[in-house]
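Next come a sequence and a model predicted from it.
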Amino acid sequence: MSSDHLSKMLTPAVIENRTKHIGKNFTKNALLISVVASLGLTACSPSQMSKSVPAETSSTVEQDAAVMSESVMASPIAINLASGQQMMIRSAPQTSVIRPSPSIIVTPETKDNYQKNEANPVHRTTDMAVSTLSIDTDTGSYANVRRYLNEGQLPPVDAVRVEEMINYFNYQFDDGKRLGNAPFVVSTEVVDSPWDRADQGNKIVKVGIKAVDSSWSQKTDKQSMPPANLVFLVDVSGSMSSRDKLPLAQSSLKLLTEQMRAQDSISIVTYSGSTSVALPATSGDQKAKILAAIESLSAAGSTNGEDALKLAYRQAEQALKKNGINRIMMLTDGDFNVGISDVDEMLDLVKDNRDRGISLSTVGFGRGNLNDHMMEQMADNGNGNYSYIDSLTEAKKVFGDELAATFNTVAKDVKVQVEFNPDVVSEWRLIGYENRVLAEEDFNNDKVDAGELGAGKAVIALFEVTPKGQKGLYSDRRYGENSAKEINANTKKGQKNNELGYLKIRYKAPTSGSSKLISQPINNTSHALDKANIDTQFAVAVAGFGQRLTQSEYINNWQYSDSTKLAKSSIADKPSSDTDGTRRNFVTLTELGSALDGKR
């Protein structure tokens, strides 16, 4: 742009006034730039800007401002505009107002925290024949993944926990057997793996457990549920103000309150800049009082709990119900500070109260500072559940449809151990459960904590195995034959060749400190996946989807569309398996994943 054109944008009076303070040796262009710089910058609201510009000159101002802005910003003395603010350059009222260049929009850095878990490796059976794990009934990962997909983006790899994806759904296990007096049935099945190469012949081994509690379940009168003492520990810091956080948390608590009975009690503890008891222990039939307390919650201040967790435990202890359900429900958007700076100290507090009969569950809302890792750890150590609420529909599922599974524990410290027969299985891997794997010796150690099983809840663990004689990931060993033969000989003495493996399950009654053991062999008989139980087919479809989201190296050419087809087929074969519509919703998610990943 020429300096002559630039000069037209300033009145002669202004130039004459400003040049009195400027040396005569400047060039005309430098003079004009200096004049503009000396006029200063002022942050204005849109209303202030409109008042500064007469209506009849606004069109000319917009045209001239664009040219002027380009010249000034390109000059060596261009003034940096503050990020995120709209700035303008102006002089005297009689001059044209120069509109700002567009604000720089910076996407806030996400502070979501997910635990990094490497996929379980493939094990050679002759080296390691035993897999030991704690069951996992959390569902937070699935709901969080669903929100990402519904918002049009693939989830971070570390946000995907395959076992939580699988165990989000309800399974019937029509083929399950009840062993002894265990409060659950056990279902096992071996099917062809859809993920192996043509030269592998791999199999999928399903181990399923479903709680069956005679006192109370989803299908019986809720009046039979043990009395509940619930303490809602609610984060009301300023970051909880968005609609998908505190307002959704309040709606969720209202759903839960409507199901409470006279024998139940509810307390509310809030924390932000300070901690307070918003509602002392109140009988569950005083719904108006409870709902009013929930409605009165508002988000403001920083997240500084000042012993909020300890206060919540004191409230729970004051209203303790012997032989009842005593649980704290922590509702937060993420990186909470509850007055305990040391993570180990906080987890120790959770463990100590767990052993005294007060459990802890965590419920996540929103994103941006979601501490998924910490919330899962606290729930695991508190003998509770970790859920993520992305909608009121999910709140209804967690606090309504599955209230029994959420609160009423029928078996605690449930551990699963599978010993694979090296005569039948050359290699194996556990799918998911990366942060639930236990040492072999932990299985018989009652001091080692494990997962809890709620009334009516079903849990599945899947293994992929390579049969003996098939090509696996490992090459044959030159010097390992004698060792392998010795192991095989010892195996034959105690096991039958028609056994693929041996399943053991340890569990404790809700109020017991000693575990019970049940066991059964896993038969070495398999069939095609399309001939498998409907629950097995659907679980495999979900496992394939979860592994695709994590970019697993073990599923070869399996695509999102393969999960779509398998899930659709299983639903079509047994529509009654999807009475709540969650399986059809899963099909939609597989289609979204396919579209977002560009793979059909």
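Looks like it arrived, so ask away.

which helices and strands sit right next to the lengthiest strand in the chain?
Longest strand in the chain, counting residues (DSSP state E): strand 409-420. Helices and strands touching strand 409-420, as assessed by 3 or more C-beta pairs under 8 Å, 6 or more residues apart in numbering; DSSP states H and E, comprise strand 130-134, strand 203-211, strand 451-454, strand 458-467, strand 499-508, strand 515-523. The way it works is simple: take the backbone N, C-alpha and C, and place the C-beta from them, glycine included.

now the second one and strand 458-467, what's the angle there?
Read it as strand 203-211. 160 degrees (axes from the mean of the first three to the mean of the last three C-alpha atoms, to 10 degrees).

just use 593 as the starting number from now, easier for me
From this message on, residue numbering opens at 593, which makes the last subject strand 795-803.

and strand 795-803, average pLDDT?
The average pLDDT within strand 795-803 is 97.

Heading C-terminal from it, find the next helix or strand.
Downstream of strand 795-803, the first helix or strand assigned by DSSP states H and E is strand 820-827.

chain center to that next one, what's the gap?
Distance, stretch centre to chain centre, for strand 820-827: 21 Å (C-alpha atoms, centre = their mean, to the nearest Å).

What helices and strands are in contact with it?
Against strand 820-827 (3+ C-beta pairs under 8 Å, 6+ apart) you get helix 838-849, strand 857-863, helix 900-910, strand 917-924.

Just checking: what are the partner strands of that strand?
strand 857-863 (parallel), strand 917-924 (parallel) (DSSP bridges).

what's the angle from that strand to helix 838-849?
Using the same axes, to 10 degrees: strand 820-827 against helix 838-849 is 180 degrees.

residue nearest the centroid of the protein?
Centroid-nearest residue in the chain: residue 733, 3.3 Å away (criterion: C-alpha atoms, centre = their mean).

gap between that residue and residue 707?
11 Å (C-beta to C-beta, to the nearest Å).

Common neighbours of the two, please.
Residues touching both residue 733 and residue 707 (C-beta atoms under 8 Å, 6 or more residues apart in numbering) are residue 964.

Any chance you could list what contacts stretch 1059-1067?
Contacts of stretch 1059-1067 (C-beta under 8 Å, 6+ apart): 714, 716, 791-795, 1014-1019, 1058.

Tell me the buried residues within these.
By neighbour count, with 16 or more other C-beta atoms under 10 Å, these hold 714, 716, 792-795, 1014-1019, 1058 as buried.

and residue 1150, what pLDDT?
Taking residue 1150 on its own, its pLDDT is 96.

Can you read off the backbone torsions of residue 984?
phi -70, psi -30 (degrees, to the nearest 10).

number of nearby residues for the closest residue to it other than its chain neighbours?
In space, residue 984 comes closest to residue 843 once its chain neighbours are excluded; the distance is 5.5 Å by C-beta to C-beta, 6 or more residues apart in numbering. Neighbourhood size, residue 843 [other C-beta atoms under 10 Å]: 15.

in the stretch 943-1092 of the chain, which spans are helices?
Ranges of helices in the stretch 943-1092 of the chain, per DSSP state H, counting those that start in this stretch, are 964-973, 984-988, 995-999, 1073-1086.

Could you export the helices and strands packed on strand 820-827 as CSV, including mean pLDDT and distance to residue 1100?
Output for the helices and strands packed on strand 820-827, formatted as CSV (pLDDT from 0 to 100; distance: least, C-beta to C-beta, whole Å):
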stretch, mean pLDDT, distance to residue 1100
helix 838-849, 96, 27
strand 857-863, 95, 26
helix 900-910, 94, 21
strand 917-924, 95, 16
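
could you dump the strands paired with strand 820-827 to a markdown table with distance to residue 834 and mean neighbour count?
Listed next are these as a markdown table, based on distance: least, C-beta to C-beta, whole Å; neighbours: other C-beta atoms under 10 Å:
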| stretch | distance to residue 834 | mean neighbour count |
| --- | --- | --- |
| strand 857-863 | 17 | 26 |
| strand 917-924 | 13 | 25 |
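
Quick one: closest of those strands to residue 881.
Across the strands paired with strand 820-827, residue 881 has its closest neighbour in strand 857-863 (9.4 Å, C-beta to C-beta).

Show me the contact partners of the helix or strand that comes right after that closest one.
Counting by DSSP H and E, the element after strand 857-863 in chain order, helix or strand, is strand 867-875. Residues outside strand 867-875 that contact it (C-beta under 8 Å, 6+ apart): 821, 826, 854, 856-862, 881-882, 885, 888-889, 897-900, 903, 907, 910-911, 931.

Taking their axis directions, strand 867-875 and strand 820-827 sit at what angle?
160 degrees.

returning to that earlier point: return the subset of the contacts of stretch 1059-1067 lying in strands.
Among those, the members that lie in strands (by DSSP E) are 716, 795, 1017, 1018, 1019, 1058.

Packing partners of the host helix or strand of residue 882?
Assigned by DSSP H and E, residue 882 belongs to helix 879-887. Here helix 879-887 touches helix 838-849, strand 857-863, strand 867-875, going by 3+ C-beta pairs under 8 Å, 6+ apart.

Please repeat the previous calculation with a cut-off of 7 Å.
helix 838-849, strand 867-875 (3 or more C-beta pairs under 7 Å, 6 or more residues apart in numbering; DSSP states H and E).

if you compare the ones you listed, which one is most tucked away?
A comparison of those by mean neighbour count, using mean count of other C-beta atoms under 10 Å, puts helix 838-849 on top with a mean of 21.

Fine by me, thanks again.
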